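# output the structure for:
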Amino acid sequence: MSISRNRPWGIARRFRPLWRRVCARLSRLPADSRGAISLVAVFAVMLLTMLLGMVMNVGRQADGKMRMQNAADAVAYSGGVALTRGMNTLAYTNHLLCEVFAMTAIMREGRDANASARIPEIVAAWKREAPEFASAPMDKFRVLASAIPPKVDAEQQMVDAYAAWIAALSDATLPIFEMILAEELIPKYQRAVAAIFPEIAQMAAIEIAARNGRPDHGRGPMIGVLWRTDVVPVGLDETYQPTLPVVDPQMAPDPDYRTLARRQRNNLAMTYLNTWNGINMAGFDRVATLTQFGQLWRSFTCGQLRKLLDEEYPETNLVYQIHREARSPYFQDRFMFVGVVYWRKLPDMMPGVFRAPLASDAVTYAQVRMFVPAPKLQWQHESQGGGGNPGISLGGVPGHSAMLVPDEPADPTANPGGPGRWVVRYEPVPTHWDLLNQHWTCQLVPAVGPNLSMILGTSPPIAEFGAANLRLPNTAALDDRMITNISPH
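Okay, here's the model as predicted:
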C-alpha cells in the first residue's frame, strides 16, 4: 500500500529534469511579444475568406437556380400560349369559313334576284283578289278591299329598294367571296397555321431563355427548348409529326374525318345563314307580310347554300378537326408540353476549397397544358323589370342593318329595367372540346408528364444547343416516378 501511495511522486521526480530543461529553453526566448497578433489575424482572415466564399457560392448557386426556374416557367407558358393561339386561330377560321359560305349564298341570291322576281306576280294576285272582300258580310273584312292594293304597292317598293341595295352590294363583294372558296384560301391558311405556330412557340422559347440568361456571369447563353411528351422538340418536324392535335380532313386517310367535317360545316353555315336572314329580313317580317318576301328570300338563300355545300364544294373547304381520340391517354398527352432550360455549370469560386460535385451542366424544366376551361361561377345582375327596350330592327343588307331607336324616358335617370338582384351563376361560355370552340387556354401544371426522364437526358437537335456544347445529366437510370419524387417542381 505504501508503494502505491508514493508512486505518483516517483513519476514526478523522474520528469523533473525534463521540465527544468524546457523552462530553461523558454527563458531564453525573446521577451518581446509584439507581432504575435499578426499570426492570429492571418488565420482569422483565412477563415473569413473561406466563409465569404461559401456565402457567395451559395448565393450565386441560388440566384442561378431561381433564374433558370423562372426561365423554364416562362419558356413553357409562352410556348403554350403560342400553341393555344394556334388552336383558337383554327377555331376562328373554321367559323369564318362557314360564314363565308353563308354570305356567298346571300350575295348570289342578291345577284340572281329569284325571290324579288316572284313579288310582282304575288302583288298582282292580291290586287285581283282584293275586290272579293268588298262583299264580305263583316265590316273588318270589307275594308280590306280598299286597304290591300296600297299595302301591296308599298311592299313592292320595299322589295324593289332592297333588291337594288343587295344587288349593288353583291356586285362589290360576291367576287371576293367566290374567290376565297374557289382558291381554298382559308384551308390553305389553316394548314400554314398548323405548321407555323409550333415553330413560333419554339422561337419564343429560345428567345425567352436567352433574355433570362443575361448577364451570364461566365456561363454562356441560356438555352430554352419546348418539348412534346413523345420526346420530340416542338416545331422540329411538322410534316409527319404535327405538334397541334388537329387533323386536316381533306388530307386525312380516314373518311370519318371528312364526314364529320362536312356535317359540322353544313350545320354551322346554315346557322350563320339563318342568323343573317333574321337580321336582314326583320323589316319584311314585321311590316311586309302580304308578299311573303322574307320567306321567299330564306328559301332561295337556303337553296343557294345547299348548292354550294353539296354540289360545288362537297369535298373541299372543310373545317379543321381535332383528333377524335379525345378520351385516350395518348391524346391527352398531346396537349402537354415540357419547357426545358439548359445552362452551363456556374464557374466555381475558390475551386480549391469549394467544388461542384456534378459533372453535368444545369437543367430546369416546367410543364404546360392546353385545355378548354370549365365555366366558372360569377356574379350576374338579374333585372326584375326585364331590361330596357333596345329598339326595333328595320333590317337591311349585311353590314347595313338599321335600328329604330325608342323614345327616351322622361326621366333620364330612371332605370328602364327596374330593380334587380345579384345572383351567382356559371359564366355562359362553350365547353365542347373541338375546333369550333374559340376559348382554348393554357396553364402551368405540375411536371408529371410521361417520358420526363428521357426528355431531360436527350440532347435537343437545335443549333443553339449544339453551339453551347452543354453536357446533360445521365437520367437513364431514373424513371418518371423517381424524378417526380426528387424534384420539387
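
# would you map the strands across the stretch 151-300 of the chain?
223-228, 246-247 (DSSP state E, counting those that start in this stretch).

# contacts only, for residue 368.
76, 77, 79, 80, 336, 337, 338, 339, 442, 443, 444, 445 (Cβ atoms under 8 Å, 6 or more residues apart in numbering). Every C-beta, even on glycine, is put in place using the N, C-alpha and C of the backbone.

# and the helices in the stretch 51-200 of the chain, which stretches?
For the stretch 51-200 of the chain, the helices defined by DSSP state H, counting those that start in this stretch cover 114-129, 139-142, 144-182, 185-212.

# out of the contacts of residue 368, who's nearest residue 225?
residue 339 (7.5 Å; Cβ to Cβ).

# wait, that closest one touches residue 204, no?
No: Residue 339 is beyond contact range of residue 204, at 10.1 Å (criterion: Cβ atoms under 8 Å).

# tally of neighbours for residue 378?
11 (other Cβ atoms under 10 Å).

# would you list the phi and psi of it?
Main-chain dihedrals, residue 378, degrees, to the nearest 10: phi -150, psi 160.

# quick one: it from residue 425, how far?
Separation of residue 378 from residue 425 (Cβ to Cβ, to the nearest Å): 7 Å.

# over to residue 454?
Applying Cβ to Cβ to residue 454 and residue 425 gives a distance of 45 Å.

# more neighbours: which of these two?
The neighbour comparison of residue 454 against residue 425 (other Cβ under 10 Å) goes to residue 454, with 17 against 11.

# after the strand or helix carrying the more buried one comes which helix or strand?
Counting by DSSP states H and E, the element that carries residue 454 is helix 452-456. For helix 452-456, the following helix or strand on the C-terminal side (DSSP H and E) is helix 463-468.

# next, the buried residues of that next one.
464, 465, 468 (16 or more other Cβ atoms under 10 Å).

# so how far is the longest strand anywhere in the chain off the chain centroid?
Using DSSP state E to define each element, the chain has its longest strand at strand 362-371. Averaging C-alpha positions (Cα atoms, centre = their mean, to the nearest Å) puts strand 362-371 16 Å from its chain's average.

# then stretch 138-156?
With Cα atoms, centre = their mean, you get 59 Å for stretch 138-156.

# now stretch 362-378
Counting by Cα atoms, centre = their mean, stretch 362-378 comes out at 10 Å from the chain centroid.

# first-to-last residue distance for it?
In stretch 362-378, first residue to last residue: 44 Å (Cα to Cα, to the nearest Å).

# returning to that earlier point: helices or strands up against the helix holding residue 454?
strand 336-343, strand 362-371, helix 480-486 (3 or more Cβ pairs under 8 Å, 6 or more residues apart in numbering; DSSP states H and E).

# and of those, who's closest to residue 121?
Closest among the helices and strands packed on helix 452-456, using Cβ to Cβ: strand 362-371, at 56.9 Å.

# that closest one pairs with which strands?
strand 336-343 (antiparallel), strand 441-445 (antiparallel) (DSSP bridges).

# got the helices of the stretch 51-200 of the chain as CSV, with mean neighbour count columns?
As requested, those are exported to CSV (neighbours: other Cβ atoms under 10 Å):
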stretch, mean neighbour count
helix 114-129, 16
helix 139-142, 10
helix 144-182, 16
helix 185-212, 19
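
# any idea which of those scores lowest on pLDDT?
The minimum mean pLDDT among those belongs to helix 139-142 (a mean of 82).
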